[in-house]
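Enquirer: give me coordinates for this.
(2 chains)
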Amino acid sequence: SQKIEQNSEALNIQEGKTATLTCNYTNYSPAYLQWYRQDPGRGPVFLLLIRENEKEKRKERLKVTFDTTLKQSLFHITASQPADSATYLCALRTNAGKSTFGDGTTLTVKP
Amino acid sequence: EAQVTQNPRYLITVTGKKLTVTCSQNMNHEYMSWYRQDPGLGLRQIYYSMNVEVTDKGDVPEGYKVSRKEKRNFPLILESPSPNQTSLYFCASSQDRGPGYTEAFFGQGTRLTVV
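Expert: Numbering: from 1, shown residues only, chains lettered A, B, ... in the order given. The predicted model follows:
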């Protein structure tokens, strides 16, 4: 069955450092991989999308890589700030519309 | 303002009493989807719709129904709610696949408790 694993349920880092979050998947051929941020009690907020034929995407302090051979995506937040503390979700979507989310990694950035 | 609106935000109901959670988007998106979020299980897709009159099952469709009679609305229907459907529900919409595909917008969530 299809499975997404976000390595590490929780990640604690010091302000200013780079946070790296991992998303691995099996038995899936996604057309898109997305990263979302979710704050407690709120809906997920879209951050970045990367397509199956793309290797890397950047947006301000965020960077996503996508390796369809390794079936892995890495999500980086550079120069992290306490305001970046949240749960980050990766999600895969097929062209047919089926969408699968990982369980999320809770990032805490300490001042 | 681009948004996905769910109603109600909070609902406590009794087992077996039919209910509908509404979802509406104002972005003319083709794709809409329902998810439930439970501790330790993450977000799981219930149903999705690629366009009007087109709906498909996600990973956990049992006990739910949906309809897509018009583009902006995608209600979630629980014909006979049971306690195991107590959860936090999210509706989302996005532009469809292809170059136009962009971000998915999520509603603010509906916290449902079935007693």
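
Enquirer: drop to CA atoms for contacts and neighbour counts, all remaining ones
Expert: Will do.

Enquirer: run through the residues of chain A sitting next to chain B.
Expert: Contact residues, chain A versus chain B (CA under 8 Å from any CA of the partner chain): A:41-49, A:95, A:97-104.

Enquirer: what do you get if the cut-off is 6 Å, keeping everything else the same?
Expert: Chain A comes close to chain B at residues A:R42, A:G43, A:F46, A:F101, A:D103, as judged by CA under 6 Å from any CA of the partner chain.

Enquirer: what helix or strand does the third one sit in?
Expert: Remark: A:F46 resides in strand A:45-51, with elements defined by DSSP states H and E.

Enquirer: ok, now the last one?
Expert: Following DSSP H and E, there is no helix or strand that holds A:D103.

Enquirer: so, low pLDDT: which residues of the chain?
Expert: Picking chain A for this. For chain A, the stretches with pLDDT under 70 are A:1.

Enquirer: um, chain B though
Expert: B:96-102.

Enquirer: quick check: bridge partners of whichever residue of it sits closest to chain A?
Expert: Proximity to chain A, evaluated over chain B using CA to the nearest CA, is greatest for B:G42 at 4.5 Å. When bridges are called by DSSP bridges, B:G42 pairs up with B:D38.

Enquirer: pretty sure it sits against A:F101.
Expert: No: in this structure, B:G42 is not within contact of A:F101 by CA atoms under 6 Å, at 7.0 Å.

Enquirer: who's more crowded, the two?
Expert: Looking at B:G42 and A:F101 with other CA atoms under 10 Å in any protein chain shown, you find the greater number of neighbours at A:F101, namely 24 against 16.

Enquirer: all strands for chain B, in order.
Expert: B:4-7, B:10-13, B:19-25, B:31-38, B:42-51, B:54-57, B:65-66, B:76-78, B:87-94, B:104-106, B:110-114 (DSSP state E).

Enquirer: pull the residues that contact the fifth one.
Expert: Outside strand B:42-51, the residues within contact range by CA atoms under 6 Å, 6 or more residues apart in numbering or on different chains are A:101, A:103, B:30-37, B:55-61.

Enquirer: ChimeraX command to pick out the buried ones of the residues you listed?
Expert: In ChimeraX, a selection of the buried entries from these looks like this (16 or more other CA atoms under 10 Å in any protein chain shown):
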select /A:101,103 /B:30,31,32,33,34,35,36,37,55,57,58,61
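
Enquirer: what sits against B:F106?
Expert: Taking CA under 6 Å, 6+ apart as the test, what B:F106 contacts is A:G43, B:C91, B:A92.

Enquirer: quick check: bridge partners of it?
Expert: Here B:F106, judged by DSSP bridges, has bridge partners B:A92.

Enquirer: just the contacts of B:F106 now: which is nearest B:T5?
Expert: B:T5 has its nearest neighbour among the contacts of B:F106 in B:C91, at 8.2 Å by CA to CA.

Enquirer: how close does the closest one sit to A:V64?
Expert: B:C91 sits 25 Å away from A:V64, going by CA to CA, to the nearest Å.
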